[in-house]
Every structure is written in structure tokens, then in C-alpha cells.
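K.L.:
below are the sequence and a predicted model for it; my questions follow.
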Amino acid sequence: MAILHGSWVVEERRFFLWVEAWQRIEASQLPEPFAIAPHPYSLSGQPLLDALQRLGSRVPKAVWIPTSAQGKRPKAAPSERGWTRLMALPTVMDGDRPFPLHSGGAGEEDTAIADVALYPWWVTGVWLTPAETAHLLESLPLGYLDLPTASVGSDLRYWSHLARWSLDLLARGKFLPKIDISAQGAQAHWQPVLDSEVDAGRLRRFQHTMPLACGADQGPEPKRAAAVAPAIALPTSRSDRVIHFIDALVDAQVRSHAPAPLSGSDVLSSELPVRDWLTALNQPNNTVTGEGGALAIVRLREALTTWTAPLQANALTDANRFRVCFRLEPPTDGQVHWSVRYLLQSRDDANFCIAAETLWQYPLEQAVIQGRPIHAPQETLLAGLGRAARLSDPIRDSLQDPRPTHCLLDPAQTYVFLKATVDRLQDSGFGVQLPPGLSSQGTASRLGIRLEAAAPDRKQRQRLGLKSLLNVKWDLSLAGKTVSQKDFERFVALETPLVEIDGQWVELRPQDIRAAREFFQKRQEPIALNVEDALRMSTGDAQMIDKLPVVSFEASGVLQELITILTQGNQTLEPVSDIDGFQGTLRPYQARGVSWLSFLEQWGLGACLADDMGLGKTIQLIAFLLHLKQRDLLDGPTLLVCPTSVLSNWEREIRKFAPGVAVLLHHGNQRSHGAAFARKAKSTQVVLTSYALVQRDLKDFERVEWQGIVLDEAQNIKNPDAKQSKAVRQIEAQFRIALTGTPVENRLAELWSIMDFLNPGYLGPKNFFQRRFATPIERYGDTASLRTLRSLVQPFILRRLKTDRTIIQDLPEKQEMAIFCGLSAEQAELYQATVEKALRDIESSDGVQRRGMILGLLTKLKQICNHPAQFLNEAVPVEARRSAKLQRFDEMVAELLDEGDRALIFTQFAEWGKRLQTHLEHTFKQDTLFLYGSTSKDKREEMVDRFQHDPSGPRLFILSLKAGGVGLNLTRANHVFHFDRWWNPAVENQATDRAFRIGQTRNVQVHKFVCTGTLEEKIHDMIESKKALSEQVVGAGETWLTELDTDALRNLLLLDRSAIIDDAS
């Protein structure tokens, strides 16, 4: 996948868009020592135009065929400056020859940071006007999402965030018209007004976070430090680049939305420069014709400067590093009037302020006060006060004093100052300082409720859940102080919105007074507070009770223990150990996972175990059930719902690791219903069923009193309106667990659906969740909402990654696992019919003919296990529903792709490899490689190079076992799939070693597919039971099978019909 890049070129006042794509670099593409060459990863010519065309409407068609500054169609040579620029890009030196690095990370694995330098390269791209730039950047996704057709580079993502800032400026009306005069004439512009604290913070943040690539442009001509050595020019200052970019985008966006003609143009039609200027403000051509003469234009500029000066004086670009600040001081010594003190405040250090009384002692053009030089301090103060006078009548009236130092406010004026004037002053770039109790933006200083909560007695805690009520004590609180009803009435009697409590002034809001009176009247009954409310408050989510804010919340006893563990993570839990009946060994992180599940179960809270694929979610769930049984807490059955493709895998794993746990498989046309099913379920401990059947047999499941319900591959309920999603939410149980390997926190709709299953109502109704969290986060990149959401769900989601250092040390370097899956009904019929016919023919044959027939039969059965379409040689796309193996494979591929992993897929059938390649590309929209015997040497090398080194290249690589099983280095893969089996451990290990070899930096997971009830399962069991002899038993591949007598062969090949997976019945 290509990567989009862009640079704002100040001197061109345009945006340069270019596209990077990995390719093999030949030695001929590298420049000679000290020469400058086209960047090998930069697309040019038709590939560039194709990449831009795939962006659709994001890039106007006018730029698909770039033209030079002279309006001529460019040539492909780098000398055509209209569409080729020099860029200083990360490079490593191979001797004295530069070698470029790909921005996606190609080639960086063995490169130390100290070896990387910037080197000039020719880069081909297209120019975008400011209006086209705004259109492109506003269409790009925020966060770390990419477009379907391209990846977004860090530089382009940065400019996209800046473009959102320009939109915010427009929404707040922070722009003014101006006129510029240069040697080329006069131009009308719209300029941003950057003067508020909000914009100052954004400017600082954008300055500090600008990627190095944003300043990579070196212009159209190379610079040389000597006769031959190329040199790198330092980029313009980050602040200047940001402001210039914002200026251009604001001008383009206002110009495109301004009415034509602008208001006032008729009235002023007799003033030619004004009329021309107004016309140019909303036209693509911003040139002011100047029919009234150059002098008239100069006068217009001076008039505009004077007119806009009050709004520009506090601009962040102003050279004066001091601004006027207003400090609100409360009354003293029984007085009623408040005072607003005037100061000069440093823009660089908000704590450095100089009072007006001091300033009037320095009638100098340049003064040094408290060790700091200040330009025209008195003039700066008076000019600022003059501008502030437009926003406040008391400030205006104070200017009657020739040396104003403050103004006085009565209580009513003070309240107006706090509720209206402060915001206007700050938005105009003035500093404001308020008393502590009045400056808080939260609820801490408001009139509200202080709560103390505790769980009921421990003996009553057995089945507490989110809806369980707590014991609650409450007090009224103001400014963090407890307020009795008598004190409250005393404050109300003052009839002032500002009151003093223990030396601190706070606001007493009218709506809070009304709510408090109603609250006192209702308090005949205790406050109904449950565990869910307590968790919300402990995570900082604002809560209201009877329209009063909860300003303080404290938990005690076991409730505090619960909140501490949930909010601080599972590290405080003691890992379980020595689980009776568990036939295996838990790794340390798995033991912690079992403890976490047990802890939440005690409280009746739903848990989502979201570990990466391969970290053992299955074994943790089995150990958890045994842990309950060990403590005599496994009183009833647990319903485990999973995809049809893994039913047999779950059954085998439970019998393997927990043989003492009774399992009932509810599947197939022989399954029980009604009272018979209820009796069977109550007498067992785990009931396995599929998502398809949980909705079909919902009435049967509702007859049973379930102790727990577990969803495996819980992403299957990501659509909350799907029938199976509604069905699982209807089934009642004492505990609920969801298992998933996908990062659910990155998919908000899926997150809500899973959380609503686990802890119903915790995140609110779906439409509330969409309004409160999904839309602000996904559409507007609201980080505050994202933080709140994470704090709410984090207690119920445990996700460990394979890349975590604490996890890696617990894992073996290579994990081999058998993936058991059944057969679809169609596969079973084909398998049975093929075996029966072949056995009749084999029984009447002998010698070489018999051995050949057996080997042919084995091939046919493997094809059936893969997919009926392969066996029948159908010229149709393969469908996953026809093959249980392909269904399970698709589920695992989806999970590894979500985790950013890469995989090798081995098959011994070239024709199946081709089908699988088409299927994967269609299903996952992923470019998939396929290497087999007919692949040419050059194509083979290109595939390997691309898989190993292209940062955005294919993540799935299919290889035929014979052609790709030896001689390749594919260490970028950390998953290996053996889709069909050769039954020769040496051959399979050789194939696995394409990824598991020197150069591999991650743990490798090896997945070997086995169809249950078929010869695949029986041969697998033989190998596993005789591992020490497996090389001898199957060392010659499958030829040993040809030596079996007919009865032994029949026992090996006959189908166990219990393995049939059929959701249709």
C-alpha cells in the first residue's frame, strides 16, 4: 500500500503532495557519491497518477496531470521544476553512496539511529492550491486509521490536524480581512486572529509535535557546500511554517464561503479601492486592480490596519512579549465591592506580573522592571485597557482616571464579570486571574453532594453485581466543606451568588440552590446508589443526584478493595496456583488472568479476556472453571457459545486439560430439546453450542438456570441488532465472560455490544453511547471523551499483547498447536462416499496398484477436508460455509490481521493455493502472495523481498510445501499455518523454519489444521502418542499407510459422524 506525504511550501504558498511506495532498489538507482538522484520510493509518471486517481474526490482531477509553473506539461526528468522538488529524507550511507530509508520502516531493523542522516533526493508530486489542500486534509481520517487505498504518512496526518484547527478558527469567527502590498501589486486576504489562550496552547503543541518530514522541502534547486557535496538547508521555523499554513487555509476557506458580492460593496461602490478590495476578498483571483491609484490603496491599507489594530494587538505573533492581565480580588474588611486589578503579564511566564501601580513609575520607552526589559510599559497598558473597555463598562469607566490601576465592582457586576466578561477577555487574548474557588472549571467548588459508600455485610456479598445497592452516607458540600441545612439556608438568605466559606469565595448557582432544597425535601428515603454508580464516580465520570453534582466520593471496606483492583489493574491480585484436576501448567500471566476472572465473578461483574492470539484464552477459561469447582462454587452449568468451526476444538481442550469437567455438546440434528435438554444441561458443567443455534434454540436455553455464559470469539456479536446478539443478551446467568483476540477498544460499536452483554446498561443505551462517545471520538477525535470511555471500560477488559516484555519472557520461542475443526455436512457426505467406494476397489486389488489407489485416496480425502470445491474441481469461488476448516482459518486470519501480524500458509496443492489466494484477497481486501513450483526465479525473489521488506506490503504469503518449504528466509512472519498436512514432521518443520530461524525477533505460532473424525485426526493422534518414534513411523511421508491391511485402513479412514458440523438442522 502506498503512503501519502505532503509538505507546505512557504515560498510557493502551495502544498506539495507526493506518494511513497516500496520497491526493490537496484544498484543503478542509487546516486553516485555526492550526486542527487530520484528517490527510489517516490512514485512518478503513471504510477503516481494511478495512486492519486485511487483517492477519488479527495484530490481534484485537475491535478492528476500535473503542470509546471509555466503551464507546460512536464517531462519525466527531474529538471522539470513545476512538479519535482528536492526533499531532505532519512538516508543511510553505504560507504560513500546514500541508501534511502522507507518511512514505513523498511530497512530499519538493522539500522542504528546514529547511522541515519538527511540527504537530498528528487521527489515527484503534484501541487495543490490552499483550497484543494483544505479539501484533501479535511477528508483524511484522524487518529491512526488509514484510507482504503493508501496509508497516511505522519507528515500528512499532522497537516490534517492543523486543517481542523483552521476550521475551528472559522467556527469561532477568528478571522479578519486585510490588504497586502508587494512588488507584484496589491492582494486581498483573510487572516486568522490568533490571540486566545486556547490558540496559544495549540500553537505551542503544533510547534513541538511537527514531524521532521514536514520541513523536508529543499526547493527546486540543489544547494552545495562544496564543488560536489550536496548540502541541506535548514527549514523555516516551525512557528512560521504553522502560521503561514493556517493563514493560507483560513483565506481559502473564507473566500470559498463568503457571499458574492460582499455586504457593503454597493454602499461603497464610489470608493474604487474599497470596491475592488471587497470584490477580491471572495474571488479566486485576489488581486486588487487599483483603479483608484497606488496612493488610494496605501491609504486603504492604513485605514484597515487602524481598524483591525484593537483585534490584532494580542496576537500571538506580536513582538511585544507582555499583555494586559486582569486580577479579580474579593472584598476585604467588611466591604462589599470587588476589585479588578490591572497588570502586565509575561506571555512566556504567566506567573510573572507587574501591577499598574508599578508601571506608572516608569514613563520610559524601554524599561527594565524586576530584571525584565519591557517596551513602552505605560503605552502597552493603556492600549490594552482601551481595547478591554469595549468588553466591560466598569473597565471603560475606570479610564477616566489618567493613571488607572483598577476598577470596582458591586456583587451584581462581579457576577456578570465572572459569567460573561471573563470569557470575552480571554478569547480576546487578555490574561485573567481569579480567586481559587472561582477559577475551577469542574464541580469541586460547587454546591453538591459528598458521598461515602460501602458494600453490605460480607456475608451478604456473595452475588453482588453492578446493580447491587450499597450503604450510603451523604452530606451537602460547598467548596469542599461540609454544609449543614442550617448553614445552607444562611448562605441563601444572603441573596448573593458569591459567598465566602472558610476564607474561600465560591459561586452559589441559582439552579444548585433550587436542586438542594428539593434534595432536602426528598431525603426521607436513603440515596439509591449501586456498584455501577460507584465505579463511574471512581473513574471520574461526572454524576448527578436529584440535579446536584456529586463533588466527592469515597468508598470503604470491600467496595474500596473492588475499586482499587479494577482501576489499578490485575497486578494487585495473587495468581492462582495448584488447581485440582488441571492437566497442564499455567504460565504466570495466565495464572493472573484466572485470578482476574475469579475476582470479577465474585462480584457478579462481566469480564472480557482480550489477550492476543496464542496467549491461551482457552486454557485460562478452563482453569477458571476448575478453580470454581475446586472451591465448591461450580453449582450450575456454564453455557459456552462459540463459532461452529471451533466446537470440536473446545470439546477436546476441555477433555484434555479438565477431564473431571462434564461436557455436553449441543449440536447436530440429534441434539435434545425442551425438558430433555434441561435435564441434560443441569447434570453437566459445560454446555457447548454455536452462535447459529443459540438464537434458534433460545427457548431451550432459557429453561436452564445457568451459572455462567461465555462467548468465545465475542466479536461475533459486534452487531448489537443481529439475532444472535439479541439472543445471548436474553439468556440470564450469574456471571458473563467474553473471549476475543481483537482489540475491541478500537471499534466502538463492537465495544458497546460486548460491554452491554457483559454488564447490561453500564455504557448506557446504544443511542446515548453513540451521542456521548462514538460520534465525538470517531468523527472529531475528542480525546477527553476517549479518556473517559477508557477509564469506564478498562476495569472489565484484560488485554495482554505478545509484544509485552512481561509476556514474552513467559512464552516459548515457538508455539505449536493443533487446530481441530469438524466437517460440514457436504464434506462429510463426500468423505463417506469416497471412502466406501475406494475401500471396495482396494479390497480387490494388490501390489503396486493397491498402493497407488491408497495414495490416490489419501489425496482425495485431503482435498475434501480442505474444501469440496477443490475435490470436485469446481470453477467457482470457494465459500467458507462449505468447509469447517476454511471457516476456522478465516476467523484466525481476521484476528492476526487485526493484531498487525503476518503469516505463512503452507499447502501441498498448487491448485488449492491459487483458490485460497483469490479467497483471501476477496475476503480481507489484502494483497496475498502465492509461491509454487511454476513461479519463476525472478518472481520468487521479488515476492520474498516484498514480503520481507515492504512496510505496507502483503501480510499473507501462501506457499506450496515443495516449492516454498526450503531455502527461503521469511522471518517477518510470526504465524505459520499448515493448511493441509504432509504427515512428515521433518518436512513440516523445514517449512516452519522459513519463519522460525536466525533473524526472527518475535515468538512464532505454528497452527496445524486437523479435521476431527477423519484420517487427519487419527494420524495426528498417532504422531502425538509416539512423538519419540514419529520420525520412524511417518518418516517416509504417507507411504507407510499403503502397507496397512484393509481392516486397519478402514478403521483409519472411516468417518466419525459426531464430527459433522451442521447448523442447518
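P.N.:
That came in fine, so what should we check first?

K.L.:
CA only for contacts and neighbour counts going forward, please
P.N.:
Will do.

K.L.:
pLDDT weak spots in the stretch 601-750 of the chain?
P.N.:
743-746 (pLDDT under 70).

K.L.:
what segments of it are helices?
P.N.:
Applying DSSP state H, counting those that start in this stretch to the stretch 601-750 of the chain gives helices spanning 617-630, 647-657, 674-682, 691-696, 698-702, 723-730, 748-758.

K.L.:
Leu478 is nearest to which of those helices?
P.N.:
Distance to Leu478, taken as CA to CA, is lowest for helix 748-758 among those, at 35.7 Å.

K.L.:
please name every helix or strand in contact with that closest one.
P.N.:
With contacts taken as 3 or more CA pairs under 8 Å, 6 or more residues apart in numbering; DSSP states H and E, helix 748-758 sits against strand 733-739.

K.L.:
ok, and what's touching the strand it packs on?
P.N.:
463, 601, 604-610, 617, 705-714, 754, 757-758 (CA atoms under 8 Å, 6 or more residues apart in numbering).

K.L.:
that strand to helix 617-630, inter-axis angle?
P.N.:
160 degrees (axes from the mean of the first three to the mean of the last three CA atoms, to 10 degrees).

K.L.:
out of the helices of the stretch 601-750 of the chain, which one sits most buried?
P.N.:
Each of the helices of the stretch 601-750 of the chain was assessed for mean neighbour count using mean count of other CA atoms under 10 Å. The highest is helix 748-758, with a mean of 22.

K.L.:
give the buried residues for the following helix or strand past that helix.
P.N.:
Proceeding N to C from helix 748-758, the next assigned helix or strand is helix 766-769, under DSSP states H and E. By neighbour count, and taking 16 or more other CA atoms under 10 Å as the criterion, the buried residues in helix 766-769 are 766, 769.

K.L.:
in ChimeraX, how would I select the buried members of the contacts of strand 733-739?
P.N.:
Buried residues within the contacts of strand 733-739, by 16+ other CA under 10 Å, are selected in ChimeraX with:
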select :601,604,605,606,607,608,609,610,617,705,706,707,708,709,710,711,712,713,714,754,757,758
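
K.L.:
now the nearest residue to Pro812 once chain neighbours are set aside, what are its backbone angles?
P.N.:
Spatially, and ignoring its direct neighbours in sequence, Pro812 is nearest to Asn1003 (7.1 Å; CA to CA, 6 or more residues apart in numbering). Per-residue torsions, Asn1003: phi -70, psi 140 (degrees, to the nearest 10).

K.L.:
state the mean pLDDT of the host helix or strand of Val274.
P.N.:
Following DSSP H and E, one finds Val274 within helix 272-280. Helix 272-280 carries an average pLDDT of 81.

K.L.:
with just CA atoms, put it into CSV.
P.N.:
C-alpha atoms of helix 272-280 as CSV (Å, rounded to 0.1, in the frame of the first residue of the first chain):
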residue,chain,number,x,y,z
LEU,A,272,-12.9,52.3,-6.1
PRO,A,273,-10.1,50.7,-4.0
VAL,A,274,-12.6,49.6,-1.4
ARG,A,275,-14.9,48.2,-4.0
ASP,A,276,-12.1,46.3,-5.7
TRP,A,277,-10.8,45.1,-2.4
LEU,A,278,-14.2,43.7,-1.3
THR,A,279,-14.6,42.1,-4.7
ALA,A,280,-11.1,40.4,-4.5
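
K.L.:
helix or strand right after that helix?
P.N.:
Taking DSSP H and E, what comes next after helix 272-280 is strand 287-288.

K.L.:
all strands in the stretch 701-850 of the chain, in order from the N-terminus.
P.N.:
Using DSSP state E, counting those that start in this stretch, the strands of the stretch 701-850 of the chain run over residues 706-711, 733-739, 797-798, 814-821, 823-824.

K.L.:
which of those sits most buried?
P.N.:
For those, the highest mean count by mean count of other CA under 10 Å goes to strand 823-824, at a mean of 26.

K.L.:
strands along the stretch 301-450 of the chain, start to end?
P.N.:
Using DSSP E, counting those that start in this stretch, strands in the stretch 301-450 of the chain cover 322-329, 338-346, 353-355, 366-369, 372-375, 406-409, 431-433, 448-454.

K.L.:
helices or strands next to the last one in the packing?
P.N.:
The one in question is strand 448-454. Short answer (3+ CA pairs under 8 Å, 6+ apart): strand 448-454 packs on strand 471-478, strand 548-556, helix 557-568.

K.L.:
hmm, back to that, any chance of the strands of the stretch 301-450 of the chain in JSON lines with distance to Glu507 as columns?
P.N.:
Listed next are these as JSON lines, based on distance: least, CA to CA, whole Å:
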{"stretch": "strand 322-329", "distance to Glu507": "14"}
{"stretch": "strand 338-346", "distance to Glu507": "14"}
{"stretch": "strand 353-355", "distance to Glu507": "26"}
{"stretch": "strand 366-369", "distance to Glu507": "36"}
{"stretch": "strand 372-375", "distance to Glu507": "37"}
{"stretch": "strand 406-409", "distance to Glu507": "16"}
{"stretch": "strand 431-433", "distance to Glu507": "16"}
{"stretch": "strand 448-454", "distance to Glu507": "12"}
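
K.L.:
dump those to a markdown table, plus mean neighbour count and mean pLDDT.
P.N.:
Compiled in a markdown table, these are given as follows (neighbours: other CA atoms under 10 Å; pLDDT from 0 to 100):
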| stretch | mean neighbour count | mean pLDDT |
| --- | --- | --- |
| strand 322-329 | 23 | 94 |
| strand 338-346 | 22 | 95 |
| strand 353-355 | 18 | 94 |
| strand 366-369 | 14 | 83 |
| strand 372-375 | 14 | 86 |
| strand 406-409 | 20 | 96 |
| strand 431-433 | 20 | 94 |
| strand 448-454 | 22 | 90 |
